[in-house]
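Asker: 3D model of this:
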Amino acid sequence: MRYVLATAGLALISITAWAGQSPAADEAATPEYYTTRVQPILQGHCYQCHGGGSHHGGLQMNTREQFLKGGHHGPVIVPGDPDKSRLISLIRQVGKPHMPPSPRAKLSDDDIATIEHWIKAGAVMPDGGAK
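Answerer: Numbers count the residues shown, from 1 in each chain. Reported below is the predicted structural model:
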């Protein structure tokens, strides 16, 4: 029985690798992933300055289009490439400026990884943006 399960597991890994996506990547490419995982992080750390009527630095984060347009320094996300997304370098606090600004606490490594995963999967949001 263990051999059959191990073989089935290897087959699933092989099929997933062949398809070029992991099951987790599929989940992150849904509007629900944004709504349940990403949006709560942004609400807790970013919307105060970049949501609703606020747009510090010219950046609003309510719709995908706003992320792609960005602020005074251009787009903050590159769907599919978190390493080229300005948002990631800002929340990793790699240089200046960094987000959230002091004295607010830096995002946890798990929160940063969630946002990176969302961007890597294409930065999918619900139609009409954040609710």
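Asker: show me the helices in this protein, by range?
Answerer: Along the chain, counting by DSSP state H, helices occupy 2-19, 23-28, 31-33, 39-45, 47-50, 64-69, 86-92, 109-120.
Asker: out of those, which gets the lowest mean score?
Answerer: Lowest mean pLDDT within the helices of the chain: helix 2-19, at a mean of 42.
Asker: give me the most central residue, this protein.
Answerer: Geometric centre of the chain, nearest residue: Ile115, 2.6 Å, by C-alpha atoms, centre = their mean.
Asker: show me the contacts for that residue.
Answerer: Listed by C-beta atoms under 8 Å, 6 or more residues apart in numbering, the contact set of Ile115 reads 38, 41, 82, 87-88, 91, 107. C-beta coordinates here come from the backbone N, C-alpha and C atoms, glycine included.
Asker: tell me, how many residues neighbour the closest residue to Val76 other than its chain neighbours?
Answerer: Once flanking residues are discounted, Val76 sits nearest to Leu87: 4.2 Å by C-beta to C-beta, 6 or more residues apart in numbering. Leu87: 24 surrounding residues under other C-beta atoms under 10 Å.
Asker: wait, Leu87 touches Ile119, no?
Answerer: Yes - in this structure, Leu87 is within contact of Ile119 by C-beta atoms under 8 Å, at 7.5 Å.
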